[in-house]
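[1] Kindly generate the corresponding structure for this input.
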Amino acid sequence: MHIRSPRALALSHLVREKHNIVLCYLQTTFKGRVFMTHATKAIYRWLLSDYIKVSNISTDHMLYSEKDLEKSMDKIETVNFHQEVDVNGVKFWCYHAGHVLGAAMVMMEIAGVKILYTGDFSRVEDRHLMAAEIPSVSPDLLITESTYGTHVHEKRDIREARFTGTIHDIVARGGRCLIPVFALGRAQELLLILDEYWASHPELHDIPIYYASSLAKKCMAVYQTYIGAMNENIRRQIAVSNPFVFKHISNLKSIDQFDDVGPCVIMASPGMMQSGLSRQLFETWCTDKRNGVIVAGYCVEGTLAKFVLSEPSEIVTLSGQKLPLRMSVDYISFSAHTDYEQTSEFIRILKPPHVVLVHGEQNEMARLRAALVREYEDNEEINMEIHSPRNTQAVELYYRGEKMAKVMGSLATKPPHEGQTLSGVLIKRGFNYHLIDPADLSSYTELTTSSIQQRQMLKFHSPFSLLHHCLNQLTSDAEIKMLHGKRAVCVFGGSVSVIYDDSAETVSIEWDADSVTDMYADAVLSVILQIVSDP
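    Here you go, the predicted model:
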């Protein structure tokens, strides 16, 4: 695909590890329109502004500047959920996707064919986000994530109890609890859980909880603003107080301000501990068995977070030093991606003829595809094809799109009768067809009508009476009129006029050009030529 080819870009959601891609793409030769939900655009600004401010790269090597960010903000158009947008005949609208604040599933309609792209989504409501919606219409093609394959998530109440219980155990034994998270998404969910748990356990009030991310604090302002995009639980709470103004959690502006004495809980980024404060704290605390780390999200192969889940006896620091791993390591997934139960139920409800699996490791995607194929291979009522393409591999599907013409304007004022032929100008806009009267063109399009008047003059020496007689033999409606001060014979309902000039001994044939009247004029011309050749 050429980078200039797309006419529009609709962003499903935005998280820390993906934000650079968007602005870099907008700096290419791409000239299309860009759409985001209101919350996603706000998060986009915070994420990129933070990157520019904290980047230690020289200005000559930076991917973009503050000026580039401002230019991109002007290009981005915001959309509401369920608002239909038309881009050159391609329609799309968004559904709530769960996952993170502002995340959207995008339904597109192209020539009557509906395509649903889920992006990252979750069908389970959590502390602040609603579950992904079930679209009101079924798509012809579903493009869905396959992140967790056939894995089934732990139930929410059990997961939260394990999470708070593990933290309680760590601080009770005098340890420090590290929770590596990304600044946006699961961090806000975990903060809500911890603040509520601390409020109900007075014995923990002397133990501090920190979230150590300036970006998380900035993004919190977005969360405090877009309460309306969250679930009913949050909207009820906001009537009393803002749940994102925490009572038992403090923002740690700098590690230099942190007094590392006694038990505490720190949420620090990044979530996979490859670098940054979470890596620094992990290396500082990993040798003490009283301490603990809780990996609370999805981990990519090759990261430290994934490595420590294999229970190694030692780790290698960023400086190359080997340290014994004595702290406890727990994996309690709060990932807001669908599991197998959620994905399969979603597909079961929508029943799309084609499903394309994306956003998943090869093995997990293969397991999910195999499970879905088994579910539908013996189902005679549902004919479903499951596709799992490799990166850059094209999936070619053939659809016969609708081709209907909508009658508009004056043509639509009178209901048509059975067998009646409607004539007009057929206008194609994108994938839509409209049939309108030529006189209405300027009202419904930027087009205007014009006409070509044909005029042909011949020498004619015969009397007017002979001209009238011969034309009356051609068509019985020959009518004598005065045109331009001269006698004329009008035929074929007046569409062709023959003007007789006895002083100049000529006749002139006049008509407005179109495919039918041109034939009438040819017939009149042949009669006149016959008179001239054999008077």
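[2] Tell me the secondary structure of I531, please.
    helix (DSSP: H, G, I helix; E, B strand; the rest coil).
[3] how many other residues sit next to it?
    When neighbours are defined as other Cβ atoms under 10 Å, I531 has 18 of them. Quick note: C-beta positions are derived from backbone N, CA and C, even for glycine.
[4] Quick one: residues contacting it.
    F460, S462, L466, L467, C470 (Cβ atoms under 8 Å, 6 or more residues apart in numbering).
[5] could you redo the last one with a cut-off of 7 Å?
    S462, L466, L467, C470 (Cβ atoms under 7 Å, 6 or more residues apart in numbering).
[6] Quick one, which of those are buried?
    Buried subset of the contacts of I531 (neighbour count, 16 or more other Cβ atoms under 10 Å): L467, C470.
[7] Give me the residue ranges of the stretch 101-250 of the chain where confidence is low.
    Scanning the stretch 101-250 of the chain for pLDDT under 70 picks out 214-217.
[8] please redo it, this time with the cut-off set to 80
    For the stretch 101-250 of the chain, residues meeting the criterion pLDDT under 80 lie at 183-185, 213-221, 239.
[9] Roughly how far does the residue lying closest to G102 once chain neighbours are set aside sit from E505?
    Nearest residue to G102, sequence neighbours excluded (Cβ to Cβ, 6 or more residues apart in numbering): A39, at 3.1 Å. In this view, A39 and E505 are 84 Å apart by Cβ to Cβ, to the nearest Å.
[10] Have a look at those two and say which one is more surrounded.
    Shown here are A39 and E505; by other Cβ under 10 Å, A39 has more neighbours (23 against 11).
[11] In contact with that one, which residues are there?
    L101, G102, V222, Y226, A229.
[12] which SS state does the third one fall under?
    Three states are possible here, and by three-state DSSP the one that applies to V222 is helix.
[13] Mind checking what helix or strand follows the strand or helix carrying F35 in sequence?
    Assigned by DSSP states H and E, F35 belongs to strand 33-37. The C-terminal neighbour of strand 33-37 among helices and strands, as given by DSSP H and E, is helix 38-54.
[14] Export the contacts of I531 to a markdown table and append columns for secondary structure and distance to L190.
    Listed next are the contacts of I531 as a markdown table, based on DSSP: H, G, I helix; E, B strand; the rest coil; distance: Cβ to Cβ, whole Å:
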| residue | secondary structure | distance to L190 |
| --- | --- | --- |
| S462 | coil | 103 |
| L466 | helix | 102 |
| L467 | helix | 98 |
| C470 | helix | 98 |
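[15] buried ones in stretch 366-374?
    Neighbour counts over stretch 366-374 (16+ other Cβ under 10 Å) mark A366, R367, L368, R369, L372 as buried.
[16] The strand holding F35 vs helix 38-54, what angle?
    Put simply, strand 33-37 runs at 100 degrees to helix 38-54, going by axes from the mean of the first three to the mean of the last three Cα atoms, to 10 degrees.
[17] picking that back up, taking the contacts of A39 one by one, which sit in helices?
    Taking DSSP state H as the definition of helices, the contacts of A39 contribute V222.
[18] what's the weakest-modelled helix or strand in the chain?
    In the chain, the helix or strand scored least confidently by mean pLDDT, DSSP states H and E is helix 214-225, which has a mean of 74.
[19] what's downstream of that helix, the next helix or strand?
    Taking DSSP H and E, what comes next after helix 214-225 is helix 232-238.
[20] Which positions within that next one qualify as buried?
    In helix 232-238, the ones that count as buried by 16+ other Cβ under 10 Å are N233, I234, Q237.
[21] distance between it and the chain's centre?
    27 Å (Cα atoms, centre = their mean, to the nearest Å).
[22] Which elements pack onto whichever helix or strand comes after that helix?
    Heading C-terminal from helix 232-238, the first helix or strand you meet, by DSSP H and E, is strand 249-251. Contacts defined by 3 or more Cβ pairs under 7 Å, 6 or more residues apart in numbering; DSSP states H and E place strand 249-251 against helix 186-199, strand 209-212.
[23] what comes into contact with strand 249-251?
    Around strand 249-251, the neighbours that count as contacts under Cβ under 7 Å, 6+ apart are L191, L194, D195, P208, I209, Y210, Y211, K217.
[24] Pull the contacting residues for the third one.
    To tie it back to what came earlier, the one meant is D195. F246, K247, H248, I249 are the contacts of D195 under Cβ under 7 Å, 6+ apart.
[25] Dump these to TSV, plus distance to R400 and neighbour count.
    As requested, the contacts of D195 are arranged in TSV below (distance: Cβ to Cβ, whole Å; neighbours: other Cβ atoms under 10 Å):
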residue	distance to R400	neighbour count
F246	56	19
K247	60	10
H248	60	18
I249	57	18
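[26] about what we covered before: show me which of the contacts of strand 249-251 are buried.
    L191, L194, D195, P208, I209, Y210, Y211.
[27] ok, those residues vs E70, which is closest?
    Y211 (28.5 Å; Cβ to Cβ).
[28] Correct me if wrong: that closest one contacts L191.
    Yes. Counting by Cβ atoms under 7 Å, Y211 touches L191, with 6.3 Å between them.
[29] low pLDDT regions in the stretch 251-400 of the chain?
    Those would be 253-254, 400, if you go by pLDDT under 80 across the stretch 251-400 of the chain.
[30] re earlier: what separates the residue nearest to G102 from E396, distance-wise?
    35 Å.
[31] Secondary structure element holding V355?
    strand 354-358.
[32] OK, contacts around the spatially most central residue of the chain?
    Geometric centre of the chain, nearest residue: A10, 3.5 Å, by Cα atoms, centre = their mean. Counting by Cβ under 7 Å, 6+ apart, A10 makes contact with F35, F92, V106.
[33] if we look at the sheet, which residues does it bridge to?
    For A10, the residues forming beta bridges with it (DSSP bridges) are F35.
[34] Just the pLDDT at it, thanks.
    Note for A10: predicted pLDDT of 92.
[35] D437 too?
    On pLDDT, D437 comes in at 89.
[36] Number of residues surrounding the closest residue to K218 other than its chain neighbours?
    Distances taken as Cβ to Cβ, 6+ apart place W46 nearest to K218, at 4.9 Å, with adjacent residues excluded. As a burial measure, W46 scores 21 neighbours (other Cβ under 10 Å).
[37] Can you give me the distance of W46 to L252?
    Separation of W46 from L252 (Cβ to Cβ): 18 Å.
[38] just C286 next, same as before
    Distance from C286 to L252, by Cβ to Cβ: 19 Å.
[39] How about H151?
    From H151 to L252 the distance is 33 Å (Cβ to Cβ).
[40] and these two? which has more neighbours close in?
    More neighbours surround L252 than the other of H151 and L252, with 23 against 15 (other Cβ under 10 Å).
[41] For that one, which residues are in contact?
    So L252 contacts Y210, Y211, A212, F258, I266 (Cβ under 7 Å, 6+ apart).
[42] ok, so of the contacts of I531, who is nearest T343?
    Taking Cβ to Cβ as the measure, C470 is the one of the contacts of I531 closest to T343, at 81.8 Å.
[43] thought that closest one was touching V524?
    No. Contact criterion Cβ under 7 Å: C470 and V524 do not qualify, at 9.7 Å.
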